[in-house]
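*Asks:* Build me a model:
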Amino acid sequence: MNRSKALKCIVEQANNDDLVFPTNVAASLKIQQVLDDPDCSADTVTKLILNEPLLAARVVAIANSAAYSRGTDITNVKAAVTRLGFRTLRAVVVSIVVRQLAGTSKNKDIQRMANELWEHTAQVAALSQVIARRITRLDPDTAMFAGIVHEVGNFYLLSRAEEFPSLLEPEAPPTVTSELPEFEDTVVDLDTTEAIIGRAVIKNLHLPAAVVEALEALWFGLRAMPPETLGDTILLANELAHRHSPFDFTSEIDAELYASEIDFVVGDGTLNSILEESEEEVSSLTSALLV
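*Replies:* Numbers count the residues shown, from 1 in each chain. Now for the predicted structure:
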């Protein structure tokens, strides 16, 4: 089965609300539901986080990152919860969910692509946080959250790659043959596919409306220059990220050249000067998300 047919099959499942998620996603979603409870206490959240070692390590690492540090190191989960607050914690928990979507395959190609996709995701999330705070003047935690979930559709595809190995391959260009009607019946528009699968996944994550709107802009929108909205913020961060998605089958060299040319005036400075000033913050937050 080629990639187009595999995508068509998954799109049909998405349209029927019949997506299959790895079992380890359930525990993280439970923590997310607890965080959404207005009566939830910091002690309750701390206990739940302590039961998830990976989540506990990431919470402490992010609390000590340059973006959130206040000059003193955090050494325990409870203090990290207090420093970050529930809004940031939601983003951290969702980062675990997104990473878990790829599953625990022992296939080396799937593992490699999952790691590359997460590296790209972490960098976009960190850039989104800084761009929102320094340029678009939007809530930085919401921007980081949106950056974390912007590749949910592709993480889900990785979870199905053992069943559909062709998902790991770039789509072959169409060829003109006498069997064109059959080809048209199986081909899937990739932009539409990403949106359909992405929407089906985020429906299960119960994302805020503002984040969903930003993802729609990522799939279909045109970025304003300079950026203004949350969608603009994610689009710009995605273009500026040095680590590209392994599902981006365009030339990585061309993408890097294009990203290096992006610049505009922001107040008394420029985008590039702000990014240079914020390089430590972006690097520190990216590393914390990769823990």
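
*Asks:* The spatially closest residue to residue 241 that is not a sequence neighbour: which element?
*Replies:* In space, and not counting its chain neighbours, residue 241 is closest to residue 123: 4.4 Å by Cβ to Cβ, 6 or more residues apart in numbering. For glycine as for every other residue, the C-beta is placed from the backbone atoms N, C-alpha and C. Per DSSP states H and E: residue 123 is located in helix 108-131.

*Asks:* What helices and strands are in contact with the following helix or strand past that helix?
*Replies:* The first helix or strand that comes after helix 108-131 along the chain, using DSSP H and E, is helix 140-149. Here helix 140-149 is seen to pack against helix 77-101, helix 108-131, helix 209-220, helix 230-240 when contacts are counted using 3 or more Cβ pairs under 8 Å, 6 or more residues apart in numbering; DSSP states H and E.

*Asks:* The following helix or strand past helix 140-149 vs helix 140-149, what angle?
*Replies:* With elements assigned by DSSP H and E, the helix or strand that comes after helix 140-149 is helix 152-159. Orientation check (axes from the mean of the first three to the mean of the last three Cα atoms, to 10 degrees): helix 152-159 against helix 140-149 gives 30 degrees.

*Asks:* Quick check: nearest residue in space to residue 125, chain neighbours excluded?
*Replies:* Per Cβ to Cβ, 6+ apart, closest to residue 125 is residue 147, 3.3 Å.

*Asks:* Can you list the buried residues in the helix holding residue 123?
*Replies:* 110, 113-114, 117-131 (16 or more other Cβ atoms under 10 Å).

*Asks:* Give me the local confidence score for residue 115.
*Replies:* pLDDT, residue 115: 93.

*Asks:* same deal with residue 192?
*Replies:* Looking at residue 192, its pLDDT reads 77.

*Asks:* cool, and residue 189?
*Replies:* 55.

*Asks:* now residue 291
*Replies:* pLDDT at residue 291 comes out at 74.

*Asks:* ditto for residue 100
*Replies:* 84.

*Asks:* do residue 93 as well
*Replies:* 86.

*Asks:* Next: the one 3 residues further on.
*Replies:* The predicted local distance difference test score for residue 96 is 85.

*Asks:* Can you tell me the closest non-neighbouring residue to residue 134?
*Replies:* Nearest non-adjacent residue to residue 134 (Cβ to Cβ, 6+ apart): residue 274, at 5.1 Å.

*Asks:* Could you tell me how many residues sit around that neighbour?
*Replies:* 17 (other Cβ atoms under 10 Å).

*Asks:* which residues touch the helix or strand in which it is found?
*Replies:* Here residue 274, judged by DSSP H and E, is contained in helix 271-277. Residues outside helix 271-277 that contact it (Cβ atoms under 8 Å, 6 or more residues apart in numbering): 130, 134-135, 226, 240, 262-264, 266, 282.

*Asks:* for the chain, what helix or strand is lowest in average pLDDT?
*Replies:* Sorting the helices and strands of the chain by mean pLDDT, DSSP states H and E puts helix 180-186 at the bottom, at a mean of 39.

*Asks:* Compute the inter-axis angle for the helix or strand following that one and helix 152-159.
*Replies:* Per DSSP H and E, the first helix or strand lying C-terminal to helix 180-186 is helix 190-205. Per the same axes, to 10 degrees, the angle that helix 190-205 makes with helix 152-159 is 90 degrees.
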